[in-house]
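**Q** missing the sequence, but the structure's below:
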């Protein structure tokens, strides 16, 4: 499971569809609707939120917005109404780590997205997240 801290606009089609599905799975975990993935590290940021379900619904709404902009047909009914809350944070090093991780995937799957991301000077976080100074997040499973 990868719930990206990066803005969904950087993802290729496979990545965006996977993000939608995996975040819905994470939502099910937070709702107590599944036994699997309960201790998955990607859920730490949502579990620590003031209102975890509200936060994950906000996260999903931004993914849905990107999908709709691309003409995809994601099911908006899967997102419950939410009250906008202050966003969560993500560290600069986490954003940099995820950018590198995504570049490796895009180099194989989508060379156009790869070239665009590679040349980006400023990388945006998912709209729910505010970038702060810091190292790679403690919940990240770092691989080379």
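**A** It's in. Since the model is a prediction, treat every value here as computed from it, not as a measurement.
**Q** What residues does residue 92 make contact with?
**A** Shown here is residue 92, whose contacts under the criterion Cβ atoms under 8 Å, 6 or more residues apart in numbering are 131, 132, 133, 134. For every residue, glycine as well, the C-beta is placed using N, CA and C.
**Q** what does the model give the first one for pLDDT?
**A** Confidence per residue is given as pLDDT, and for residue 131 that number is 96.
**Q** and what of the last one?
**A** At residue 134, the pLDDT value in this model is 96.
**Q** tell me the phi and psi of it?
**A** In this entry, residue 134 is assigned phi and psi values of phi 150, psi 170 (degrees, to the nearest 10).
**Q** how much space is there between the residue nearest to it when sequence neighbours are not counted and residue 135?
**A** Spatial nearest neighbour of residue 134, excluding adjacent residues (Cβ to Cβ, 6 or more residues apart in numbering): residue 91 at 3.2 Å. Separation of residue 91 from residue 135 (Cβ to Cβ, to the nearest Å) stands at 6 Å.
**Q** re the thing from before, so which of the contacts of residue 92 are in strands?
**A** Of the contacts of residue 92, the ones assigned to strands by DSSP state E are 131, 132.
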